[in-house]
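[1] Generate a structure from the sequence data that follows.
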Amino acid sequence: MADKYLMDTIASISGVNPRKCMKCGKCSGSCPAYDEMEYHPHQFVSMVENGRIDELMNSKGIYMCLSCFACVERCPRNVEPAKLIEAVRLAVIRQQGQNHLAPEQIPGMLNEDLPQQAITSAFRKYKR
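    Numbers count the residues shown, from 1 in each chain. Now for the predicted structure:
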């Protein structure tokens, strides 16, 4: 069972409420990577809801998701399984300590073609 901090982190990153899922399976039925994934989108949502995040974080299946958002399009309740999968991926990276952006690194990343909003968004995402 995942600790409360990890569950809150996943909820915060994804902005998704897995309790809205009615377990219809439409997300999994539309997933082009279904055969490659250890846990299918509907199972993934259920596992997050039940606090089984540690299992998901150790699964290779989180990297098989194509982030095509077909599951998001098909969901009648707007649960957005792809966002949950991305949040778990990001939690893994954060746990490994590879996802940090220090303010002093930003000037070196600036470029005339890159919108300032992208830099601000990246800083917010990678500062933890």
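[2] residue contacts, the residue of the chain most remote from its centre?
    Largest separation from the mean C-alpha position in the chain: Glu112, at 29.6 Å (CA atoms, centre = their mean). Applying CB atoms under 8 Å, 6 or more residues apart in numbering to Glu112 gives no contacts. Backbone N, C-alpha and C define where each C-beta goes, glycine included.
[3] element containing it, please.
    For Glu112, there is no host helix or strand (DSSP states H and E).
[4] Quick check: pLDDT value at it.
    Glu112 carries a pLDDT value of 74.
[5] Run through the strands of this structure in chain order.
    Using DSSP state E, the chain contains no strands.
[6] Worst mean pLDDT across the helices and strands of it, which element?
    The helix or strand of the chain with the lowest confidence, counting by mean pLDDT, DSSP states H and E, is helix 116-126 at a mean of 69.
[7] how far away is Leu110 from Lys83?
    Distance of Leu110 to Lys83, given as CB to CB, to the nearest Å: 28 Å.
[8] and what of Tyr34?
    Distance from Tyr34 to Lys83, by CB to CB: 18 Å.
[9] With Asp54 instead?
    19 Å.
[10] can you check Pro32 too?
    Taking CB to CB, one finds Pro32 at 17 Å from Lys83.
[11] Between these two, which is the more surrounded one?
    When Pro32 and Lys83 are compared for neighbours, Lys83 comes out ahead with 18 against 11, by other CB atoms under 10 Å.
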